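Enquirer: here is a sequence with its predicted model. Questions after.
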Amino acid sequence: MSDVLYRKYRPQKFAEVINQQTVKTILQNALRSGRVSHAYLFTGPRGVGKTTIARILAKAVNCQKLDGGEPDMTCPNCKLFAEGRFLDLFEIDAASYTGVDNIREIIDHVKFSPTHGKYKVFIVDEVHMLSKAAFNALLKTLEEPPAHAIFILATTEIHKVPATIISRTQRFDFKQVAQKDILELFERVLADQKGVKVSLEAQKLIAESAGGSFRDALSILDQIMTTGTAEVTAGQVEDILGVARAEVSQKFLGLLQMQDQKGATEFIKSLAFAGKDITQFTRGFLEYLRLVLYVKMGAVIPEDLGLVSEDAASLAKSAADLGNARLLEIIKRILEAYRDTKNSPVAELPLLVAALALTAQQNETSKPAPGTAQSTGAQQAPKVVPVEKPVAGLTSSAPGQVDLSMIIARWSDVLSKVKEYNHSLISSLRVGRLVSVDESTLVMAFPYSFHRDTIDARKNRLVLEQVLEEIFSCSMKLRAVLEKDVPANAAPAVGESPAAGTDLLGEALRVMGDLGAK
């Protein structure tokens with residue numbers, strides 16, 4: 001039986017490890033200077049090289065002819081490592097051996113001197129799975145182990161590791177693997193695979209599907225290569241994995257941007273008729289929107305995401321073309337569709353509804369009414385189209401009173417004043433939208449009950465009403481409602497608070513916060 005790719009091409013030296021340059025440099029410097037620690041803690045996403053570097057470090061500390069911080073691969077100990085017969089290396093999977101008795105067995109082994117090498121090395125993978133009693137049993141030994149013992153702990157969930165353990169180790173945080181890193185790995189592997197050709201588009205799609213994991217990427221490549229075809233195409237990868245390329249997400253986003261209702265409908269229909277997994281596509285589209293969001297808010301530049309040049313250029317264009325409020329609305333709608341898709345008897349229906357709502361809403365709000373303030377940036381007044389027909393509880397202002405346009409024009413002053421009284425209210429106000437002024441009552445709509453309840457709390461409402469009175473020199477009440485409670489015929493009064501764009505990143509990340517748990 002042949003080895004699977006991720007085992008066959010596991011790096012054997014630091015130089016063969018892609019990415020993690022900082023971790024490699026520090027460890028090699030420690031090896032060259034002879035200042036190896038007694039305990040290390042490797043943390044980071046799955047499949048990025050934590051266990052691989054732990055094994056290389058175990059080999060290097062026991063290498064008899066260390067070469068510039070690298071194991072020489074020719075000494076007797078290195079050969080025993082390569083054959084899997086080095087007796088002074090102990091690997092424990094804490095997910096399977098979680099009890100205190102398992103840790104006591106390790107402690108018993110620590111007492112004895114090494115058989116072949118200079119050090120006994122104990123690698124504990126998924127260390128966060130250990131029980132509380134097991135952690136307590138490990139503490140003393142981890143703090144003061146014998147001179148011949150080295151512990152290397154690895155975890156994907158550092159927040160579950162007790163602080164007492166972390167404080168007794170040298171912590172190394174491993175970076176997320178980028179698409180270009182996986183493509184570099186594919187280049188090495190495919191150069192050694194005779195008779196199989198995988199197109200660049202197919203490689204990119206596999207890299208996107210791997211979720212930033214070298215191991216997952218090689219496992220998927222292994223699966224794809226068993227199709228038996230001489231050349232693997234992106235279409236075959238799509239069919240096998242049920243995923244779509246980044247350019248497909250870019251195309252769908254472009255249809256939404258162009259308000260192409262028919263095109264968006266045809267796009268979703270083609271996905272459904274082709275047997276694509278709509279839930280998987282929707283999730284992938286949300287991941288693409290996440291990247292657009294980061295670029296839009298200046299959190300990263302496309303090149304830093306590790307994308308190939310064509311994808312980085314498309315991403316930058318999408319971020320430049322989309323307005324802040326529009327991007328946030330697309331994220332919210334698509335996230336709702338993703339949640340609904342898993343429970344819908346017709347898989348594509350929630351995505352269709354979202355697409356229709358987004359294109360219809362954009363058409364309705366694209367032409368502002370005369371006299372309405374234009375929003376040209378995050379700090380300017382919002383786009384608000386007055387309600388055309390009076391609606392009970394949500395009507396326009398009466399003559400002689402402060403009207404909605406006056407409030408819009410000075411909303412930034414309201415926020416500044418509120419900030420002086422209660423800074424915590426600002427985040428909730430920024431996600432609300434101004435609906436109307438009715439008989440000296442300002443109506444604001446909020447997407448979530450948390451924000452509405454925060455504003456509607458008596459002490460907070462009094463602060464806001466006091467500020468409104470100071471700014472506009474008249475008594476004014478505030479009424480907070482949920483978006484879903486706003487009557488349908490009040491929908492043309494779409495707007496956002498003037499500073500909504502400034503908190504776009506935080507709000508969008510809150511909206512998308514549970515995506516990874518789904």
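Expert: Ah, there it is.

Enquirer: give me the neighbour count for V481.
Expert: 17 (other Cβ atoms under 10 Å). Quick note: C-beta positions are derived from backbone N, CA and C, even for glycine.

Enquirer: that one in helix, strand or coil?
Expert: At V481 the chain is in strand, as set by DSSP: H, G, I helix; E, B strand; the rest coil.

Enquirer: if it is in a bridge, with which residues?
Expert: With DSSP bridges as the criterion, V481 is bridged to A445.

Enquirer: any idea how far F86 is from it?
Expert: Separation of V481 from F86 (Cβ to Cβ, to the nearest Å): 68 Å.

Enquirer: now swap in E143 and tell me
Expert: Counting by Cβ to Cβ, the gap from E143 to F86 is 26 Å.

Enquirer: which one's more surrounded, these two?
Expert: The neighbour count for E143 versus F86, taken as other Cβ under 10 Å, is higher for F86 (21 against 14).

Enquirer: count of neighbours near D485?
Expert: 11.

Enquirer: what sits against it?
Expert: Contacts of D485 were listed using Cβ atoms under 8 Å, 6 or more residues apart in numbering, and they are A445.

Enquirer: buried ones in stretch 456-466?
Expert: By 16 or more other Cβ atoms under 10 Å, the buried positions in stretch 456-466 come out as D456, N460, R461, V463, L464, E465.

Enquirer: out of these, who's nearest K180?
Expert: Nearest to K180 among the buried residues of stretch 456-466: N460, at 48.0 Å, using Cβ to Cβ.

Enquirer: I'd guess that closest one is in a strand, am I close?
Expert: No - counting by three-state DSSP, one finds N460 to be helix, located in no strand.

Enquirer: you'd agree it is up against L425?
Expert: Yes - here N460 lies in contact with L425, judged by Cβ atoms under 8 Å, at a distance of 5.8 Å.

Enquirer: overlap in contacts of those two?
Expert: T454.

Enquirer: quick one: least confident helix or strand in the protein?
Expert: helix 504-511 (a mean of 50; mean pLDDT, DSSP states H and E).

Enquirer: wait, D456 touches A480, no?
Expert: Yes - counting by Cβ under 8 Å, D456 touches A480, with 4.4 Å between them.

Enquirer: find residues that contact each of these two.
Expert: Going by Cβ under 8 Å, 6+ apart, no residue sits against D456 while also sitting against A480.

Enquirer: the chain: strands as residue ranges?
Expert: 39-43, 89-93, 120-125, 149-155, 170-173, 197-198, 231-232, 433-438, 441-446, 477-482 (DSSP state E).

Enquirer: between those, which gets nearest to I182?
Expert: strand 197-198 (12.3 Å).

Enquirer: which neighbouring elements make contact with that closest one?
Expert: Applying 3 or more Cβ pairs under 8 Å, 6 or more residues apart in numbering; DSSP states H and E, we find strand 197-198 packed against helix 179-191, helix 214-225, strand 231-232.

Enquirer: measure the nearest residue to Q28 once chain neighbours are set aside to T43 for me?
Expert: Closest residue in space to Q28, ignoring its immediate chain neighbours: G69 at 3.1 Å, by Cβ to Cβ, 6 or more residues apart in numbering. Distance, G69 to T43, by Cβ to Cβ: 22 Å.

Enquirer: one more: V435?
Expert: Look at V435 and T43: by Cβ to Cβ, they are 47 Å apart.

Enquirer: how is this protein divided into domains?
Expert: 5-173, 179-241, 246-365, 404-498 (automatic domain parsing).

Enquirer: and those as JSON lines, adding mean pLDDT?
Expert: Shown next, in JSON lines, are the domains of the chain (pLDDT from 0 to 100):
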{"stretch": "domain 5-173", "mean pLDDT": "90"}
{"stretch": "domain 179-241", "mean pLDDT": "83"}
{"stretch": "domain 246-365", "mean pLDDT": "80"}
{"stretch": "domain 404-498", "mean pLDDT": "78"}
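
Enquirer: and A480, how many neighbours?
Expert: So A480, with other Cβ under 10 Å, has 22 neighbours.

Enquirer: dump the residue contacts of it.
Expert: Counting by Cβ under 8 Å, 6+ apart, A480 has contacts G432, M444, F446, R452, I455, D456, R461.

Enquirer: make a markdown table out of these and add distance to A95.
Expert: Formatted as a markdown table, the contacts of A480 follow (distance: Cβ to Cβ, whole Å):
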| residue | distance to A95 |
| --- | --- |
| G432 | 45 |
| M444 | 49 |
| F446 | 43 |
| R452 | 43 |
| I455 | 45 |
| D456 | 46 |
| R461 | 50 |
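
Enquirer: among the residues you listed, which one lies nearest to I206?
Expert: Of the contacts of A480, the one sitting nearest to I206 (Cβ to Cβ) turns out to be F446, at 42.1 Å.

Enquirer: so Q28 sits against E70, correct?
Expert: Yes - assessed by Cβ under 8 Å, Q28 is found in contact with E70 at 7.2 Å.

Enquirer: find residues that contact each of the two.
Expert: Joint contacts of Q28 and E70 (Cβ under 8 Å, 6+ apart) are F14.

Enquirer: now, which of the contacts of A480 sits nearest P350?
Expert: Closest approach between the contacts of A480 and P350, by Cβ to Cβ: F446, at 22.9 Å.

Enquirer: neighbours of the nearest residue to that closest one once chain neighbours are set aside, how many?
Expert: Among residues not flanking F446 along the chain, R452 sits closest, at 4.3 Å (Cβ to Cβ, 6+ apart). Using other Cβ under 10 Å, R452 is surrounded by 21 other residues.

Enquirer: who's in contact with R452?
Expert: With Cβ under 8 Å, 6+ apart, R452 has these contacts: F446, A480, V481, L482.

Enquirer: and for H116?
Expert: N62, P76, N77, L80, F86, L87, D88.

Enquirer: and those residues, which of them are buried?
Expert: Buried among the contacts of H116 by 16+ other Cβ under 10 Å: N62, N77, L80, F86, D88.

Enquirer: I'd say the second one and V61 touch.
Expert: No - N77 is beyond contact range of V61, at 9.8 Å (criterion: Cβ under 8 Å).

Enquirer: could you name every residue contacting both of these two?
Expert: Common neighbours of N77 and V61, using Cβ under 8 Å, 6+ apart, are G117.

Enquirer: show me what counts as buried in stretch 274-282.
Expert: So stretch 274-282, judged by 16+ other Cβ under 10 Å, has buried residues K276, D277, I278, T279, F281, T282.
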